[in-house]
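# Predicted model and sequence follow; I will ask about them next.
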Amino acid sequence: MPEISHIGIAVRNLDRAVETYSLLLQKKPELIKEVAEQQVRIAIFRSSGEGPSIELLEPLSVESPVGRFLDKRGEGIHHICIYVSGIEAVLKRLKEKGVRLIDETPLVGAEGHKIAFIHPSSFSGVLIELEEK
């Protein structure tokens, strides 16, 4: 079974969402950062154990992918990120099998790891992010 890196949650107001999640999780996020290339501001709450992290995403623009998501669907789960090894080979294999990729070549994510997104139409309406471990 693949290991889940994190669950991305789209929010309209990152500061308010950080307050709410901090109350629930009884801790502050380990990272708050602007990722200009992806037009988002993020906050990451890491799991205490081996479980997935929670990544809150606030769009920097209504025209950004997360901004458009919020406009269409409102706040909620935006994506699920799965760890992979050899992300380039995984992307090639998926493309050869007809999976619709958003990113055919990896990008650099907020924490410096290679990432790529797969279109939700290929995975039952769920946006999938791959992250090289």
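Yep, that arrived. Since this is a predicted model, take the numbers as computed values, not measurements. Numbering: from 1, shown residues only.

# For the rest of this, base every contact and every neighbour count on C-alpha atoms.
OK.

# Can you give me the buried ones in stretch 92-103?
By neighbour count with 16 or more other Cα atoms under 10 Å, stretch 92-103 contains the buried residues 99-101.

# hmm, who's touching it?
91, 104, 116-119, 121-122 (Cα atoms under 8 Å, 6 or more residues apart in numbering).

# Now, these that are in strands?
Of those, the ones assigned to strands by DSSP state E are 116-118.

# how distant is the lowest-mean-pLDDT helix or strand in the chain from the center of its chain?
Every helix and strand of the chain was ranked by mean pLDDT, DSSP states H and E. The lowest is strand 107-108, at a mean of 94. In terms of Cα atoms, centre = their mean, to the nearest Å, the centre of strand 107-108 is found 12 Å from the chain centre.

# again, but for stretch 21-39
Distance of stretch 21-39 from its chain centroid, counting by Cα atoms, centre = their mean, is 12 Å.

# try stretch 117-133
On Cα atoms, centre = their mean, the centre of stretch 117-133 falls 9 Å from that of its chain.

# what do you get for stretch 29-40?
11 Å.

# and if you look at stretch 99-110?
On Cα atoms, centre = their mean, the centre of stretch 99-110 falls 12 Å from the chain's centre.

# ends of that stretch, how far apart?
Chord length of stretch 99-110, first to last residue, is 25 Å (Cα to Cα, to the nearest Å).

# got the contact list for residue 116?
102-107, 129-131.

# Go again with 10 Å.
Taking Cα atoms under 10 Å, 6 or more residues apart in numbering, we find residue 116 in contact with 81, 87-88, 91, 101-109, 128-132.

# Mind checking which of the residues you listed land in helices?
Among these, the members falling in helices (DSSP state H) are 87-88, 91.

# Give me the longest strand you can find in the protein.
Longest strand of the chain, by residue count under DSSP E: strand 76-84.

# Just checking: what are the partner strands of it?
Paired strands of strand 76-84, with direction, are strand 4-10 (antiparallel), strand 127-132 (parallel) (DSSP bridges).
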